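> I'd like to go over a predicted model; first the sequence, then the structure.
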Amino acid sequence: TEISNSILTQLEAFNLNPTQLEKLKDALRRGGRLEVWSQDGKEYPMVISKIPDHRTSNHQTPEKYKWTGYDYREQLQLAKQTRNALLAVLAELHRLHFQAWNKRNPIRFGNSMLGSLGFSHHEKIRALQALEKAGWIAVEWQKRKSPQITIKKGLSLGL
């Protein structure tokens, strides 16, 4: 599928590195649609892809929207470049969640990864509060300890 000039111009305006730009273009060529998400006055390009449900034939049921894979390191790099703690928190939650043996147990969410990207614990707290307010997670706040995060939606619960 060919990508329109208006979408190419829109993508180039985000000043992405060549690898990020090529991955977005590839997803668009495979039938994805471009959405622009806004956070703190900044805009971020996202490609929403349809992934067929292989349990049934595509002729029997329509394709279902599901999460697509992404490169964890690239998400962290994008978060660092854009100074968006919410992106970094989501990427780290994905990593911790998928490393966990029991997907239903709370995740202990420390400061070290976000600190290495230059984010303060205050920025981490604000991002977690935003996700909690949106209903994606439940947070058990603990004095002078890392909070315990329970995933409510937005990440596969591995069920």
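Everything's here; your move. Numbering: from 1, shown residues only.
> so what touches the lengthiest helix in the chain?
Counting by DSSP state H, the longest helix found in the chain is helix 85-99. Applying C-beta atoms under 8 Å, 6 or more residues apart in numbering, the contact partners of helix 85-99 are 39, 44, 72, 75-76, 78-80, 103, 107, 109, 113-114, 117, 119, 123-124, 126-128, 130-131, 137, 149, 151, 155. To be clear about C-beta, it is placed using only N, CA and C from the backbone, and glycine gets the same treatment.
> the same query, at a cut-off of 7 Å, please.
For helix 85-99, the surrounding residues in contact (C-beta atoms under 7 Å, 6 or more residues apart in numbering) are 39, 72, 75-76, 78-79, 103, 107, 109, 113-114, 117, 119, 123-124, 126-128, 130-131, 149, 151, 155.
> now do stretch 114-129
By C-beta under 7 Å, 6+ apart, stretch 114-129 touches L76, A79, K80, A85, L86, A88, V89, E92, N111, V139, P147.
> out of those, which end up buried?
Neighbour counting with 16 or more other C-beta atoms under 10 Å marks L76, A79, K80, A85, L86, A88, V89, E92, V139, P147 as buried within the contacts of stretch 114-129.
> of those residues, which pair is most distant in space?
Longest distance between any two of the buried ones among the contacts of stretch 114-129 is 23.4 Å, between K80 and V139; criterion C-beta to C-beta.
> ok so W37 is a strand residue?
Yes - assigned with DSSP: H, G, I helix; E, B strand; the rest coil, W37 falls within a strand.
> helix, strand or coil for the closest residue to it other than its chain neighbours?
Closest residue to W37 apart from its sequence neighbours, by C-beta to C-beta, 6 or more residues apart in numbering: Y44 at 5.1 Å. Of the three states, Y44 takes strand under three-state DSSP.
> alright, calling it a day.
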